[in-house]
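Visitor: build me a model:
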Amino acid sequence: MKTHKKKRIEIMIEAAALHRIIEILDRFGVTGYTVLPALAGRGMSGDWQRDDVFGDTARIVSVVCITDPSREESVLLATKGIVERYIGIVSVCDVEVLRSEHF
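Guide: Modelled structure (predicted):
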């Protein structure tokens, strides 16, 4: 079966910065994404749980998108400044998809 090489970009970010991340994805032609809540984790400040925080500032979400490799560098450069100002992690993986036209 033929597959197509793409990039999976995941951005874990404070919910307060979510709209900025979505604006970047739109600006660079990322055609779809999914936003998921982060329920709990451990980081440099120790353990945390979503139930223990109030408001968007401390709430973490994960934005996941699959896109054409030609968009990767532009998206990463644009998100770098946001992630540096908020709690955040960006990861990139090589993936293969069946339906290239969706990405």
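
Visitor: how about the host helix or strand of residue 64 as CSV, C-alpha atoms only?
Guide: Residue 64 is part of strand 60-67, with elements assigned from DSSP states H and E. The C-alpha atoms that make up strand 60-67 are tabulated as CSV, following Å, rounded to 0.1, in the frame of the first residue of the first chain:
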residue,chain,number,x,y,z
ILE,A,60,-2.1,22.8,29.5
VAL,A,61,-3.4,21.6,26.1
SER,A,62,-1.9,19.6,23.4
VAL,A,63,-2.3,20.7,19.8
VAL,A,64,-1.5,17.9,17.3
CYS,A,65,-1.3,18.4,13.5
ILE,A,66,0.0,16.4,10.6
THR,A,67,1.2,18.5,7.7
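
Visitor: so which bits of stretch 85-101 are buried?
Guide: For stretch 85-101, burial by neighbour count (16 or more other CB atoms under 10 Å) applies to 86-88, 90. C-beta: built from backbone N, CA, C; applies to glycine.

Visitor: who does the strand holding residue 64 pair up with?
Guide: strand 4-14 (antiparallel), strand 34-37 (antiparallel) (DSSP bridges).

Visitor: helices or strands next to the next helix or strand after the last one in the packing?
Guide: Per DSSP H and E, the first helix or strand lying C-terminal to strand 34-37 is strand 40-43. With contacts defined as 3 or more CB pairs under 8 Å, 6 or more residues apart in numbering; DSSP states H and E, strand 40-43 has these neighbours: strand 46-49.

Visitor: which of the strands paired with strand 60-67 sits most buried?
Guide: strand 4-14 (a mean of 19; mean count of other CB atoms under 10 Å).

Visitor: who are the packing partners of the lowest-mean-pLDDT helix or strand in the chain?
Guide: The weakest-scoring helix or strand in the chain, judged by mean pLDDT, DSSP states H and E, is strand 46-49 (a mean of 76). The elements that strand 46-49 packs onto, with contact taken as 3+ CB pairs under 8 Å, 6+ apart, are strand 40-43.

Visitor: hmm, who's touching the strand it packs on?
Guide: Strand 40-43 is contacted by residues 47-50, 60, 87 when judged by CB atoms under 8 Å, 6 or more residues apart in numbering.
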